[in-house]
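Chemist: build the 3D model from these lines:
(chains A, B and C)
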Amino acid sequence: MSTSNFVLFLVSGGLAIVGAIGTVASRKPLRAAVALLLHIIALAALYLTLHAELLAALQLLVYAGAIVVLFVFVIMLIGPAAEVPSNPRGKITRLLSLVVGGSVMATVSFALVGHTAPRLPMLRNEAGENIFGTVEGMGVAIYQQALVPFELVSAALLVAIIGAIAIARSRTPQEQAVVVERQAERIELAAARDAELAQATAKVGS
Amino acid sequence: MSVWMLVSPLLMLGLGGLLVMLVDAFVDEKAELPILTAILLAVAGGVAAAGIVNYDNVALAGAPEYLTRYLAFDRFALFFDVVVCGGAALSALLAGGYLREHDLERGEFYILIIYAALGAMVLGHAIDLLTIFIGLETMSLGAYAMVAFRRTSARAVEGAVKYFLLGSFAAAILLFGSALLYGATGHTDLAGIGEAIEGGNASIKLVLMAMFMMIVGLAFKVSAVPFHMWTPDAYEGAVTPATTFMSVAVKSAAFAVMVRVLLTVFGDDLSASAASGWPPVIAGLAAITMVYGNLAAIGQSSVKRMLAYSSVAHAGYAMVGVVAAFRVEEIAVSSVLFYLMAYTVGNVLTFGALIWFGSNGREAVSYEDLAGAGRRHPLVALPFVIGVLTLMGFPPTAGFFAKYYVFNAAVQAGGGMIWLAIIGVLSSAVGAYYYLRVIVFLFMKEPQPGAPIAIPMRSGYVAFVMIIAGYFVMKMGITPGPYLDLAMSAAEQFVS
Amino acid sequence: MDVGIGEYLALASILFGIGAMGFLTRRNFLIQLMSIEVMLNSVNVMLVAFNRYQPSNHDGQVFAFFVIAIAAAEAAVGLAIVISLFRLQKSVETDLPSALKH
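Modeler: Residues are numbered from 1 along each chain as shown, chains lettered A, B, ... in the order given. Next comes the predicted model:
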């Protein structure tokens, strides 16, 4: 591996870790989304050091272009409620899971860091050109060998679309009626409770 | 016959789902989507069943390589096609009664059932880590959406949140395990990975980590203790037909993957031995799942939540069969398959009866709701009684033989597996308490004065499902032979 | 000055661990969803890295390609649940115990 690759690995790997930490540790979801963007772009650069040019492009298009934008969109839609006040309860469980998670992560990464593999010759096309990770190579791999998973993934995307519509579509009139009814019930209950309370205080007062 | 006959159930669901969508969008009248969906699923299941019968006449050798590389078309996969399609078709009919009665009728539900069933079937066919992942996600995404379907209910959405978060987390862990397996062996197809591990061409370190992560991910999906936290909330929050679908189709498909992965990938002597590898891990999970599931079910006041814990316990019983497979493959795998089939019809029957007892926006969920209902409506209570008896494992119902075969497989495996069978028998004896409590409430209690009284809905769909499911529960209990043969023939391919 | 496959794998597992810890410790649905994305991304790094050292086919990269597609689908459903949750309780906190007490 050349020095430039080494530098790229260090820089993009470091930025990916910084982005990941920023994502999970930010209090504000919008900052987390921007940190996720940094993480994703850093990983795209990392893919270049691994000869995955097409994936690097897809990473930018799909993750940065679609997923992060979707996140930002929802955060904007929800507004201030997107931020959740920190909860003093459960601090110990949180600390415990940090310690356990950290130690597992340390062991796994330590176990993996020494892992080696021989460097084998890359995939070539009939003309003898190196097609590993290029559009040509990936195109053949996806549309000829992985045709079946490719078709199946369309079912997964379809189910996601239908599911998202079923969950988040605006309420039907009947559903709205149910919600309104329930709210009215709640207000009635609260009013009844208030009246009771007033009576009780009046009794105590007299 | 060409291999395309065996592919056609998958194609039918994929294209039929589009058809149902079009009907939902463009047919103005209240289209009979439940019937359309159920017929579609039943035909797909029927074609798969015909494929099993004519299996020897199918020219598998001529199958194109791109097809057989990712999906297997063996009897095992076809068996799961039949079970998943059957369970999904019955759930769709139950939804036809339930959604209308509770003013939730929206066509999306049926499309979600169809595509989630497609994902579940793909899981049965999958012989590659890639198709396992895609099938799992297709199925799970559909199930998440079904749980969140009742959007006005805080309980439904909370259940969906929990299910979604833990399910995606489990999928990520499973994926990490898959990546390690790929790295360790250089293959993504299960057979290739298995050969590489058996031949000693894989880094033991990576394989062990991968095995651990795969087991954790799969245990989440079959809701084994301690990875069951989502189950009660998701099952209780979901609309009952969705609960039915999750407890039959989703669970069966997860077991299909579990059996295939454990036996194909980790079938080598080192991974599949009583001293090291997965059998002791799965045995431990099975034991605590059975004990915890049954004990937790006792304390519930909601029948729906009790059935959720009972489904946790049933996952434990089925896992007993999965463990035994490391020694007596054919007997154990066939017992798991028979178990899943019997559990599917039994669960459809019980949940269907629960659905039947709710009408006009008011559902029966707690024991109190059911008090005295059996005396007022004996005909409606009958399927409920049969349903809880089969879940309990009372002869002569399907559930009895299902439990018998599973525990028999454990005893045949011998060694430490016998205590597992004993734990299973003891914990199912504990389970009798809460199942019989349903019958006690149905027939021997009277509702509290002023409490709402359960009024059964009038729905031909639900009645039809009860007849079908009840028929199979009794048939499999009285003459289990042909069904066991079917399971045996599906299990044969794992015999080495 | 050589980076081998081990370094990539270690990086991937560190990222996976960060994602998993974020998932387990945060109580904000949106952040938990992003943590899952981080975890899926780390698996992709691992797949691509493994593929770089077995470059006679594209199995790993194809796998990563599908993981990206599925991650998008998962994010769509997850965000729909976020919106549904927000409509009901005006918050995206995930362990509000109120509804699930039984």
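Chemist: need the nearest residue in space to B:Y66, chain neighbours excluded.
Modeler: Nearest residue to B:Y66, sequence neighbours excluded (C-beta to C-beta, 6 or more residues apart in numbering or on different chains): A:L147, at 4.9 Å. All C-beta spots, glycine's among them, are computed from the backbone N, C-alpha and C.
Chemist: B:N360 is in contact with B:M457, isn't it?
Modeler: Yes: under the criterion of C-beta atoms under 8 Å, B:N360 makes contact with B:M457 at 7.5 Å.
Chemist: which neighbours do these two have in common?
Modeler: When contacts are counted by C-beta atoms under 8 Å, 6 or more residues apart in numbering or on different chains, B:N360 and B:M457 are jointly contacted by B:E101.
Chemist: these two - which one has more neighbours?
Modeler: Counted by other C-beta atoms under 10 Å in any protein chain shown, B:N360 and B:M457 do not tie: B:M457 has more neighbours, with 21 against 10.
Chemist: which positions in stretch B:117-137 come out as buried?
Modeler: B:117-137 (16 or more other C-beta atoms under 10 Å in any protein chain shown).
Chemist: in three-state terms, label B:R106 for me.
Modeler: coil (DSSP: H, G, I helix; E, B strand; the rest coil).
Chemist: how many other residues sit next to it?
Modeler: Using other C-beta under 10 Å, B:R106 is surrounded by 18 other residues.
Chemist: for it, what are phi and psi?
Modeler: Torsion angles at B:R106 (phi, psi; degrees, to the nearest 10) stand at phi -140, psi 140.
Chemist: dump the residue contacts of whatever residue of chain A ends up closest to chain B.
Modeler: As assessed by C-beta to the nearest C-beta, chain B sits closest to A:G163 within chain A, at 2.9 Å. Applying C-beta under 8 Å, 6+ apart, we find A:G163 in contact with B:E108, B:L112, B:L141, B:G142, B:Y144, B:A145, C:A76, C:V77, C:A80.
Chemist: let's see 6 Å
Modeler: A:G163 sits next to B:L141, B:A145, C:V77 when contact means C-beta atoms under 6 Å, 6 or more residues apart in numbering or on different chains.
Chemist: and the last one, what element?
Modeler: Counting by DSSP states H and E, the secondary-structure element that holds C:V77 is helix C:59-89.
Chemist: okay, buried residues for the helix or strand encompassing B:I422 please.
Modeler: Per DSSP H and E, B:I422 falls inside helix B:417-444. Neighbour-count burial for helix B:417-444, counted by 16+ other C-beta under 10 Å, picks out B:417, B:420-421, B:423-424, B:427-428, B:430-431, B:434-435, B:437-439, B:441-443.
Chemist: give me the mean pLDDT for it.
Modeler: Helix B:417-444 carries an average pLDDT of 91.
Chemist: show me what it is packed against.
Modeler: When contacts are defined as 3 or more C-beta pairs under 6 Å, 6 or more residues apart in numbering or on different chains; DSSP states H and E, helix B:417-444 sits against helix B:278-298, helix B:303-324, helix B:367-370, helix B:373-376, helix B:378-392, helix B:398-413.
Chemist: change it to 10 Å
Modeler: Counting contacts by 3 or more C-beta pairs under 10 Å, 6 or more residues apart in numbering or on different chains; DSSP states H and E, helix B:417-444 packs against helix B:278-298, helix B:303-324, helix B:329-356, helix B:367-370, helix B:373-376, helix B:378-392, helix B:398-413.
Chemist: can you pull the contacts of the nearest residue to B:F394 once chain neighbours are set aside?
Modeler: With C-beta to C-beta, 6+ apart as the criterion, B:F394 has its nearest non-adjacent residue at 6.0 Å, and that residue is B:F400. By C-beta atoms under 10 Å, 6 or more residues apart in numbering or on different chains, the residues touching B:F400 are B:A342, B:L389, B:T390, B:M392, B:G393, B:F394, B:M476, B:G477, B:P480.
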